[in-house]
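**Student:** Predicted coordinates and the sequence they were generated for:
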Amino acid sequence: MWEKNQKTLNSEASFSGIGLHSGKNIDVTLVPSNSNSGITFKRTDLEKNNEIIANFKNVSSAKLCTKIENNSGASVSTIEHLMAAFYICGVDNLVVNLNGPEVPIMDGSAKDFVQIIRKCGLKTLEGKRQFIKIKKKIELKEEEKLINITPTNNKFEVKFTLHYERSPLIQNQTNSTNFQEKNLEDIYAARTFCLHEDIKAIQSIGLAKGGSLDNAVVVQGNKALNEGGLRFKKEFVNHKILDLAGDFMLSGARVIGSVECVHGGHALTNKFLKKIFSDKSNYDVVENESSSRNVRKILPLHKRLAVNA
């Protein structure tokens, strides 16, 4: 069930960890924010022009993670798991202070972020929560990849199909999730993954410098090399659902619609969001299930729905 009022954290919360791709140790502090301010990342290691608004139009790279950047070149990468935790926990407004270029990977899922947020608790704000309600079917295809969204009544649900013919362990997995369900642990605790034979190629392009069996599921043949193996039978596809939810949080408001995705990823989702918002007839912005307003009047009012200047 949708909450009608916007929320932020009750108090500040801090954590530290290593960046998956940068390999750097990063300190992060989540700072409560006011209504209609949205999610903003602030690079405290930079003296000026250090704020980056979490918006799909600010995505500068979607190669193996989601990276956002402002017009001055300040950027933050690997934001998708933290953004998914905000979606799942109901956080609308927050400043994310961090002293480096990447959100820590933690254990490779959003589990630590969810636990930190729930331990801190949420504060209800006066501002009404807005939703992006999909009005018609929208679809994007790229060769074997596909993503579409259709209208629903007051819920966000995702059906994801993953094809990994190179791995006998992963193979083909499909799962569906309604994000209004109370228990989403099989989604937020699902870890990122890679094939063992791909590690050298990934590292050769300057990525995964901080990767290890502590923060990713590494698959070799028909087994996971991690101690204890998989957390869930469908951990691979569940993590793709987690990534998609985090990327959809870059819409600036929660989306009401049913998403189907086949073999997608960060790049496809970002292209799809651009397609959705390129045509105002695709959606309405609503404050609750019974109210609707003209999109042109609402969008400029909220920082989280604007492009970072």
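**Tutor:** Okay, I see it. Every value quoted in this text rests on a predicted model; they were computed, and no experiment measured them. Numbers count the residues shown, from 1 in each chain.

**Student:** and Gly17, what is it in contact with?
**Tutor:** By Cβ atoms under 8 Å, 6 or more residues apart in numbering, the residues touching Gly17 are Asn25, Ile26, Val28, Pro104, Ile105, Met106, Asp112. C-betas here are computed from N, CA, C, even on glycine.

**Student:** and with 6 Å instead?
**Tutor:** For Gly17, the contacting residues are Pro104, Met106, by Cβ atoms under 6 Å, 6 or more residues apart in numbering.

**Student:** State the paired neighbours of the helix or strand where it lies in the sheet, together with their directions.
**Tutor:** Per DSSP states H and E: Gly17 is located in strand 13-18. Strand 13-18 pairs in its sheet with strand 25-32 (antiparallel), by DSSP bridges.

**Student:** on that earlier part again, just the buried residues of the strand holding Gly17, please?
**Tutor:** Applying a neighbour-count criterion of 16 or more other Cβ atoms under 10 Å, one finds Ala13, Gly17, Ile18 buried in strand 13-18.

**Student:** Need those residues in TSV (columns: distance to Leu169 and pLDDT).
**Tutor:** Putting those into TSV (distance: Cβ to Cβ, whole Å; pLDDT from 0 to 100) gives the following:
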residue	distance to Leu169	pLDDT
Ala13	36	98
Gly17	27	96
Ile18	26	94
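
**Student:** From those residues, pick the one nearest Arg129.
**Tutor:** Nearest to Arg129, judged by Cβ to Cβ, of those is Ala13 at 21.2 Å.

**Student:** ends of stretch 130-150, how far apart?
**Tutor:** Criterion Cα to Cα, to the nearest Å; first-to-last residue distance in stretch 130-150 is 19 Å.

**Student:** So which residues of the stretch 201-309 of the chain form strands?
**Tutor:** 217-220, 223-224, 254-262, 283-288, 291-293 (DSSP state E, counting those that start in this stretch).

**Student:** Show me the least confident stretch of those, going by mean pLDDT.
**Tutor:** With a mean of 44, strand 291-293 has the lowest mean pLDDT of the strands of the stretch 201-309 of the chain.
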